[in-house]
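Trainee: return a 3D structure for these sequence lines:
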Amino acid sequence: MRKPLARAGAAALALALSMTTLAACSPGGAEESAEPTTITMLVLGDKPTNGRLEAMLKKLNVRLEKEANADLKLFYVEWADWQTQYNTQLLAGDDSIDLITTATDWLFAWENADKGAFLPLTEEMLKENAPKTWAQVDAKGDWDLTKLDGEIQFIPEDNFTQWTNHGFFYRGDWAKKAGFKDGTITKFEDFTKYFEWVKENEKDAYPWDVAGTNDAALTGYLQGHTDGQTIQQVAAGNYFPFQTTESDPNTVGSWYMEGDELLQAAELAKKWNDIGVWREDALNYDGDTREEFYAGLSGTDQHHAQTFIGTIVDNMTKKQPGSDPKFFYWGEENGNYFRDILTHGAMAVNATSQNPEKALQVYDLLRNDEEDYKLLNFGIEGTDYVMTDDGKLGYPKGYDSSTDALGANFWAGRMDEFEPDRVTDAPNKQEIYDQLDAGAKDYPYSTLIVNKDMIDPTLAAMGAVLSEYIPQLQYGKFDDPAAAIDEMRQKLEEAGYEDARKSIQTDLDTWAASQG
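Mentor: Residues are numbered from 1 along each chain as shown. Reported below is the predicted structural model:
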């Protein structure tokens, strides 16, 4: 499936590197002393500017030099236009990057593996250079989740509990005043009532201060009003346009192309726009709307469950006392939400890395050595964090996550055994986990690999159409949403939607047959 040139190039590189490694050995077989090798890891997020990251790396690298004769450096793909920047960086052939944060559901892992961005990892290579990681993943039987054409493409973050299903964060105190019992909202469209109350009674606040090319007003509605199951492996630009349904899991379709629910969602968004739920220039606004939420200037924020549990509750409790922050998650009405897949976070070795073996050695330490892990993920004890008498991870007096966060963003190798509860966790964290787990579904297509070689141009064309219409529908900017959706669907057909759908259907049929 992968491009022959990419495969040949990766194989040649691995051979050349093996020969280089041998050449670096003394006649007796022992490696000659050398300067520490710098291993650069690509991570997602805005690079911190508070100096804490550099201080942590200085301390961590003292350890890594002793343990692996290596230093760690981080390369950030920042959030501005991150999808484009990420994929461009991976396919640039930049041999200064060694480790790449990836994922099969949001970081295009299969697409980039297919294009030769990652170095295939052999069992021998992993056992020799990342033995603890190999053993843990192997014991759980998870290596098959990472294979393309029988070759391991990346290492799964398969030993870390998290919930990244999205939804609204809102204020329970305001919802209660708006007439909701206990300040709890249980239906997506009921946010209209909440937004109207905020607009009328909190004059300084937007009901939902949202920014950029967000599609939450559509996706949140669609997830809670259909049994659509998004095929996470197929993106068209910034959008995921193909779904199956729980009632018909072997037929590929699209909630952008079929049914009346998209129109219903768009009409609701138009209503919200007419109310003045968001700022008029929301599509082009680039301010920090989460900080507006913390400041009491927004009634709503949007992200996933883990953010609510680990960040929102603590910050709102401190910065807006009595706000009673709550979380409404997409699909809450109908149980249409999923547990995280085990490749929601994963680590790959760059196909053009000059030091793949050393990169794996460093990764094995970051993932499995407790002291290295704590430094990278938590920072320097006493400065970035403290441990309480009851074993929880806390923060020094005056610490503010908005300005003092470490920001290393190691999202591709976290381990439950090294993750203590935090004093900033929501007090009802376990209750939230239990509630989510009780109703969640397992994503059914974790091992489905879609061959996009022939449909990449079609997906790009579809992405251009969707980027023209979806943001405008999300923000209720079309006077006639029905006409706009009809026009969008016609343009998607002209872009080749049906050809792409049939191609994906063929892959799904083949995969389904292999499942027995």
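Trainee: which stretch of helix or strand covers the residue nearest the centre of the chain?
Mentor: By CA atoms, centre = their mean, the mean C-alpha position of the chain lies nearest to residue 106, the distance being 5.2 Å. Using DSSP states H and E, no element contains residue 106; it sits outside every helix and strand.
Trainee: so it touches residue 238, yeah?
Mentor: No. Counting by CB atoms under 8 Å, residue 106 does not reach residue 238; the two are 10.6 Å apart. The C-beta positions use only the backbone N, C-alpha and C, and glycine is treated the same way.
Trainee: if I look at these two, which residues touch both of them?
Mentor: Here residue 106 and residue 238 share no contacting residue, scored by CB atoms under 8 Å, 6 or more residues apart in numbering.
Trainee: sorry, back to before: may I have the phi/psi pair for the residue nearest to the centre of the chain?
Mentor: phi -140, psi -10 (degrees, to the nearest 10).
Trainee: for it, what are its contacts?
Mentor: So residue 106 contacts 232, 344 (CB under 8 Å, 6+ apart).
Trainee: where along the chain do the strands fall?
Mentor: 37-44, 70-77, 99-102, 147-148, 151-152, 155-156, 166-171, 228-230, 243-245, 300-304, 325-329, 346-349, 386-387, 393-394 (DSSP state E).
Trainee: closest one to residue 314 among those strands?
Mentor: Closest approach to residue 314 among those (CB to CB): strand 325-329, 9.2 Å.
Trainee: who's in contact with the closest one?
Mentor: Contact with strand 325-329 is made by 165-172, 175, 183-186, 188, 191, 305, 308, 312-313, 316-317, 337, 432, 436, as judged by CB under 8 Å, 6+ apart.
Trainee: can I get the buried part of the residues you listed as one ChimeraX selection?
Mentor: To isolate the buried subset of the contacts of strand 325-329 in ChimeraX, counting by 16 or more other CB atoms under 10 Å, use the following:
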select :165,166,167,168,169,170,171,172,175,183,185,188,191,305,308,312,313,316,317,337,432,436
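Trainee: rewinding a little: mean pLDDT for the strands of the chain: which is lowest?
Mentor: Lowest mean pLDDT within those: strand 147-148, a mean of 91.
Trainee: partner strands of that strand, with direction?
Mentor: Applying DSSP bridges to the sheet, strand 147-148 is found paired with strand 151-152 (antiparallel).
Trainee: tell me where the model's unsure across this protein.
Mentor: 1-33 (pLDDT under 70).
Trainee: how much space separates residue 271 from residue 89?
Mentor: Computed with CB to CB, to the nearest Å, the distance linking residue 271 and residue 89 is 40 Å.
Trainee: and if you look at residue 380?
Mentor: Counting by CB to CB, the gap from residue 380 to residue 89 is 29 Å.
Trainee: same check, this time on residue 515
Mentor: From residue 515 across to residue 89, the span is 35 Å (CB to CB).
Trainee: same deal with residue 243?
Mentor: To residue 89, residue 243 is 29 Å away according to CB to CB.
Trainee: neighbour-wise, which of these two wins?
Mentor: residue 243 (21 against 16; other CB atoms under 10 Å).
Trainee: thought the more buried one was touching residue 227?
Mentor: No. Applying CB under 8 Å, one finds residue 243 not in contact with residue 227, separated by 9.3 Å.
Trainee: so what sits against both of those two?
Mentor: Common neighbours of residue 243 and residue 227, using CB under 8 Å, 6+ apart, do not exist here.
Trainee: nearest residue to residue 111 in space, please, no chain neighbours.
Mentor: residue 452 (6.3 Å; CB to CB, 6 or more residues apart in numbering).
Trainee: no, scratch that, I was asking about residue 511
Mentor: In space, not counting the residues next to it along the chain, residue 511 is nearest to residue 448; the distance is 4.8 Å by CB to CB, 6+ apart.
Trainee: and the residue nearest to residue 226 when sequence neighbours are not counted, what does it touch?
Mentor: With CB to CB, 6+ apart as the criterion, residue 226 has its nearest non-adjacent residue at 5.3 Å, and that residue is residue 261. Taking CB under 8 Å, 6+ apart as the criterion, residue 261 is in contact with 221, 222, 225, 226, 255.
Trainee: if I look at residue 261, how far off is residue 485?
Mentor: Remark: distance between residue 261 and residue 485 (CB to CB) = 11 Å.
Trainee: ok, residue 120 touching residue 150?
Mentor: No. If you go by CB under 8 Å, residue 120 and residue 150 don't touch, sitting 9.2 Å apart.
Trainee: which of those two has more residues huddled nearby?
Mentor: residue 120 (23 against 7).
Trainee: tally up the residues packed near the closest residue to the more buried one other than its chain neighbours, please.
Mentor: Distance criterion CB to CB, 6+ apart; nearest residue to residue 120, sequence neighbours excluded, is residue 151 at 3.9 Å. Residues contacting residue 151 under the criterion other CB under 10 Å number 16.
Trainee: report the contact partners of residue 151.
Mentor: 120, 121, 122.
Trainee: which among the residues you listed gets closest to residue 411?
Mentor: Using CB to CB, the contacts of residue 151 come closest to residue 411 at residue 121, 19.2 Å.
Trainee: where along the stretch 1-150 of the chain do the helices fall?
Mentor: 4-23, 52-68, 82-90, 109-114, 123-129, 131-140 (DSSP state H, counting those that start in this stretch).
Trainee: which neighbouring elements make contact with the second one?
Mentor: Helix 52-68 is packed against strand 70-77, helix 356-368, helix 370-378, with contacts defined by 3 or more CB pairs under 8 Å, 6 or more residues apart in numbering; DSSP states H and E.
Trainee: run the chain-centre distance for stretch 227-241.
Mentor: Offset of stretch 227-241 from its chain centre (CA atoms, centre = their mean, to the nearest Å): 14 Å.
Trainee: show me what counts as buried in that stretch.
Mentor: Applying 16+ other CB under 10 Å to stretch 227-241 flags 227-241 as buried.
Trainee: which one of the residues you listed is nearest residue 196?
Mentor: residue 228 (28.4 Å).
Trainee: wait, what's in contact with the spatially closest residue to the closest one that is not a sequence neighbour?
Mentor: Leaving aside its chain neighbours, residue 228 sits nearest to residue 243 (4.1 Å; criterion: CB to CB, 6+ apart). Going by CB under 8 Å, 6+ apart, residue 243 touches 228, 229, 230, 231, 252, 253, 254, 255.
Trainee: beta partners of the second one?
Mentor: In this case it means residue 229. The partner residues for residue 229, given DSSP bridges, come to residue 244.
Trainee: from residue 122, how far out is it?
Mentor: 34 Å.
Trainee: same thing with the fifth one?
Mentor: Between residue 252 and residue 122 the distance, using CB to CB, works out to 34 Å.
Trainee: and if you look at the first one?
Mentor: From residue 228 across to residue 122, the span is 39 Å (CB to CB).
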